[in-house]
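J.: model the following, please.
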Amino acid sequence: MEKVNTSRLVKLEELNHHGTLFAGRVAEWFVESAFIVGAKVTEKPENIVCVNIHGLSFNMPAYKGDIINLEASIAKVGRTSFTVYGKVTKNNNGSILSDGFATFVFVDDNGKPMPHGIVLEEPRGEEDIDIRNRANELEPNKK
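T.: Presented below is the predicted three-dimensional model:
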């Protein structure tokens, strides 16, 4: 399945009053990466709407000058929705700074859900299997 990898430099304007990366900025970058993977797969970014951010955790701080790496991949698909797993690391360290899921719905020009046509590939290892299992345990969207 398509994966998106992006990196960001933590600049002074991204810091909170503690001198660490503001969680809201991480959340913005997280959702943006998740959206991008969906847009690449469907080739229809105008039809994608974010409906839920699930369990975005923050495990360690980042500081000015750190390089933030975001990796996003589709973990679960429904007929009209898909859920993306996102993982945030920093510098060349594999430790997870933040991770979670974002669910999107594919909509028509009137905002009504429609099939997206995404086919989920078989998992490629233990990490993929774990991510898929976690995605399948998420509370379904109550819309």
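J.: quick one, helices of this structure?
T.: With helices called from DSSP state H, the chain shows them at 23-42, 126-136.
J.: in JSON lines: those, plus mean pLDDT.
T.: Output for the helices of the chain, formatted as JSON lines (pLDDT from 0 to 100):
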{"stretch": "helix 23-42", "mean pLDDT": "97"}
{"stretch": "helix 126-136", "mean pLDDT": "94"}
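J.: tell me the most buried of these?
T.: Comparing these by mean neighbour count (mean count of other C-beta atoms under 10 Å), helix 23-42 ranks first with a mean of 19. All C-beta atoms are positioned from the backbone trio N, CA, C, and that covers glycine.
J.: now the lengthiest strand in the chain - C-alpha only, PDB.
T.: Using DSSP state E, we find that the single longest strand of the chain is strand 93-106. C-alpha atoms of strand 93-106 as PDB (Å, rounded to 0.1, in the frame of the first residue of the first chain):
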ATOM      1  CA  ASN A  93      15.900   8.000  16.100                       C
ATOM      2  CA  GLY A  94      13.300   5.300  15.400                       C
ATOM      3  CA  SER A  95      11.500   6.000  18.700                       C
ATOM      4  CA  ILE A  96       7.900   7.100  18.200                       C
ATOM      5  CA  LEU A  97       7.300  10.700  19.200                       C
ATOM      6  CA  SER A  98       3.600  10.400  18.400                       C
ATOM      7  CA  ASP A  99       1.300   8.100  16.600                       C
ATOM      8  CA  GLY A 100      -2.400   7.500  16.000                       C
ATOM      9  CA  PHE A 101      -5.100   7.100  13.300                       C
ATOM     10  CA  ALA A 102      -7.200   9.400  11.200                       C
ATOM     11  CA  THR A 103     -10.400   8.400   9.500                       C
ATOM     12  CA  PHE A 104     -11.600  10.000   6.300                       C
ATOM     13  CA  VAL A 105     -14.800   9.700   4.300                       C
ATOM     14  CA  PHE A 106     -14.900   9.900   0.500                       C
END
